[in-house]
Each structure stands twice: as C-alpha cells, then as structure tokens.
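>>> here is my input, please return the structure:
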Amino acid sequence: MKKVFNIDIQNKTRERQIDSIKNDIRKYIKREKGKKLPDGFNSWFFNCKFGKTQEDAKEIFFADIIKSVDLAQSENYASFYLEIVATAILKEKKSLNDDESLDKSEN
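Model (predicted):
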C-alpha cells in the first residue's frame, strides 16, 4: 500500500475520517497477513514509511503505524503519505533449550 490519505474531506469530521483511515490500514494488514507465504518462508515483514508527503516520508516501525496516524491528526495535517510493503521472511524459531541455557548463564 502506497497511498496519500486525505484527512480534511468535505462532509466528514476529522475524527470520523481518521477512524476510517485506521480501519483501512487494519484491513490491508489483515489481508496481507492472510496471503499464502512463498515456499521457504514462514512469516511476513512490513516495511513502513510515513510522512506529510511522499518525498518527506521516513521509515517507521510497524508497531508505530497507528501512532503516526494519531500524530497526523494532532499536528493538523490536511493529508499524509503512508507506505506499507509486505515482504516474506524466514524467521528462526527459538528453541526452549536456548532459553534455558541463557537463564542458567545469567545466574
């Protein structure tokens, strides 16, 4: 998703439009997470960028997407740019033996 979201829309309050934008973002993320992973991968990773314009966009953490939308509302942005790109990755699973050995070494 690479999109400019308009907050100031005629006949809609800012709060209502922000809620609509957040809902669209959550639906997109849910749809991407539900897609079948390519062979050899076991998880999705999201590269995210946020800014007033596409040129000003800076990388943000996935967990900070909604906080960034709230920031746009509090800073009275008329619109903002949000980019979320899903990438398949291979996450290594932590084994219980590794966790136990770390706990023993700390004592």
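
>>> which residues are in contact with Leu90?
When contacts are counted by C-beta atoms under 8 Å, 6 or more residues apart in numbering, Leu90 is found next to 40-43. No exception for glycine: its C-beta is placed from N, CA and C like everyone else's.

>>> can you tell me the SS state at the nearest residue to Glu15 once chain neighbours are set aside?
Closest residue to Glu15 apart from its sequence neighbours, by C-beta to C-beta, 6 or more residues apart in numbering: Gln73 at 7.8 Å. Put simply, Gln73 is helix when judged by DSSP: H, G, I helix; E, B strand; the rest coil.

>>> looking at the contacts of Leu90, which has the most residues close by?
Neighbour tally across those (other C-beta atoms under 10 Å): the maximum, 13 neighbours, falls on Phe41.

>>> for it, give me phi and psi.
phi -120, psi 150 (degrees, to the nearest 10).

>>> before we move on, what about Gly40?
The phi/psi pair for Gly40 (degrees, to the nearest 10) is phi 90, psi 0.

>>> just Asp24 next, same as before
Dihedral angles (degrees, to the nearest 10) for Asp24: phi -60, psi -40.

>>> which residues in the chain form strands?
2-6, 43-51, 58-60, 79-89 (DSSP state E).

>>> can you list the buried residues in the last one?
Burial within strand 79-89, assessed by neighbour count using 16 or more other C-beta atoms under 10 Å, is assigned to 80-84, 86.

>>> neighbouring strands - and their directions - for it?
strand 2-6 (antiparallel), strand 43-51 (antiparallel) (DSSP bridges).

>>> can I get the CA coordinates of it in CSV?
Extracted C-alpha coordinates of strand 79-89, given in CSV (Å, rounded to 0.1, in the frame of the first residue of the first chain):
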residue,chain,number,x,y,z
SER,A,79,-3.2,14.7,4.4
PHE,A,80,-0.3,12.3,4.9
TYR,A,81,1.6,9.6,3.0
LEU,A,82,1.8,6.0,4.2
GLU,A,83,3.6,3.2,2.6
ILE,A,84,3.3,-0.4,3.8
VAL,A,85,5.1,-3.1,1.8
ALA,A,86,4.8,-6.8,2.9
THR,A,87,7.8,-8.9,2.4
ALA,A,88,8.1,-12.7,3.1
ILE,A,89,10.9,-13.6,5.5
